[in-house]
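Trainee: the amino acid sequence is not available; the structure is as follows:
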């Protein structure tokens, strides 16, 4: 496509994309409430080449300038893991916006379940060398209301999240043992939730002290509901960038993740988190890389696309989108 910008629309008809085996998911083009071709649909931008320069360019392509005190939400990575976004890749963007890398403590044992250990992991992985790192629930937590949820009436996030004027959700797109895949919605829901908030999401609203054992779809819906609370809080002061590289079936929260079995896809960005997550999964399914079968199996065996169905039903965004290739 050389340097010109090529614009084309994914009309998401079931089976239209090579290798798409997601029979559980209804085509957006056939839904009664799906936008018609003439309606405005969200744009998802794509650079196939993953570089610091392109990460900055794709941020600029969104046309929404980060301002004030900027939170950059990413995973600092569980000690022992190695697939998380590397500081050398993200440094230029984070410093351009004068951002603070933000995280919350985990809700499981391991190397990031308390603030001291989490800060040490962030330092060991190189993040404190490029920007300030804020463990947002180090000094407590606050509640954000959930509007229209089936399972959650509130989301519990790190107290310091309220200190920021603008949020960049900078996600490593990959698989996930429980959610099927981790992208923008997981990063802004479980990622911004405090330890208690994480347990509330995992238990589908039942507990802040136990993960419980909810039905799978209830857990997925709770992730979407928590993400909506964050999106509603931020309004237009938020944007979403996902790097689809090191495409393991396992999350960066895993201390011993499986090695990737397919090649990198690129950097994607949008002002719509639902469209962004959908585009990432679509590009996995349409890839010519045979190794995609492992990631697709992980997504579909966990019914992962249901997260996007529920997020769309909540009004968070659209699974129909326009893909804008920038290289």
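Mentor: Right, received. Where do you want to start? Quick caveat, the model's predicted, so the values are computed rather than measured.
Trainee: can we go C-alpha only for contacts and neighbour counts from here?
Mentor: OK.
Trainee: ok, and what's touching the longest helix seen in the chain?
Mentor: Using DSSP state H, we find that the single longest helix of the chain is helix 216-234. The contact list for helix 216-234 (C-alpha atoms under 8 Å, 6 or more residues apart in numbering) reads 144-147, 149-152, 154-155, 166-167, 179, 185-186, 188-190, 201-205, 238, 302-304, 306-308, 310-311, 314, 316.
Trainee: among the residues you listed, which are located in strands?
Mentor: Residues from the contacts of helix 216-234 lying in strands, with DSSP state E as the criterion: 144-145, 154-155, 166-167, 238.
Trainee: nearest to residue 82, of those residues?
Mentor: Checking these against residue 82 by C-alpha to C-alpha gives residue 167 as the nearest, at 24.7 Å.
Trainee: give me the beta-bridge partners of the closest one?
Mentor: residue 71, residue 238 (DSSP bridges).
Trainee: that one reaches residue 70, doesn't it?
Mentor: Yes - proximity of residue 167 to residue 70 meets the contact threshold set by C-alpha atoms under 8 Å, at 5.7 Å.
Trainee: okay, these two: which has more neighbours?
Mentor: Taking other C-alpha atoms under 10 Å, residue 167 and residue 70 do not tie; residue 167 has more neighbours (26 against 22).
Trainee: tell me who's in contact with residue 273.
Mentor: Counting by C-alpha under 8 Å, 6+ apart, residue 273 touches 184-185, 240, 316-317.
Trainee: write the ChimeraX selection for whichever of those are buried.
Mentor: A single ChimeraX command selects the buried members of the contacts of residue 273 (16 or more other C-alpha atoms under 10 Å):
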select :184,185,240,316,317
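Trainee: any residues touching stretch 114-128, and which ones?
Mentor: With contact meaning C-alpha under 8 Å, 6+ apart, stretch 114-128 is reached by 76-79, 86-87, 101, 105-106, 111-112, 129, 133, 135, 138.
Trainee: from those, which has minimum pLDDT?
Mentor: Least confident of the contacts of stretch 114-128 in the model: residue 111, at 71.
Trainee: what about that residue, how many residues nearby?
Mentor: For residue 111, the count of nearby residues is 21 (other C-alpha under 10 Å).
Trainee: next, the contact list for it, please.
Mentor: Applying C-alpha under 8 Å, 6+ apart to residue 111 gives the contacts 78-79, 117-118, 121.
Trainee: if we take these, which one ends up nearest to residue 194?
Mentor: Minimum distance to residue 194 across the contacts of residue 111 is 13.0 Å, recorded for residue 118 (C-alpha to C-alpha).
Trainee: for this protein, just list every one of the helices.
Mentor: 52-61, 87-96, 115-124, 184-189, 195-202, 216-234, 273-286, 292-301, 306-313.
Trainee: any weak-confidence spans in the stretch 201-327 of the chain?
Mentor: Scanning the stretch 201-327 of the chain with the threshold set as pLDDT under 70 gives 252, 254-255.
Trainee: work out which residue lies at the spatial centre of this structure.
Mentor: For the chain, the residue nearest the mean C-alpha position is residue 184 (1.7 Å; C-alpha atoms, centre = their mean).
Trainee: and the gap between that residue and residue 99?
Mentor: Distance of residue 184 to residue 99, given as C-alpha to C-alpha, to the nearest Å: 18 Å.
Trainee: ditto for residue 226
Mentor: Separation of residue 226 from residue 99 (C-alpha to C-alpha): 23 Å.
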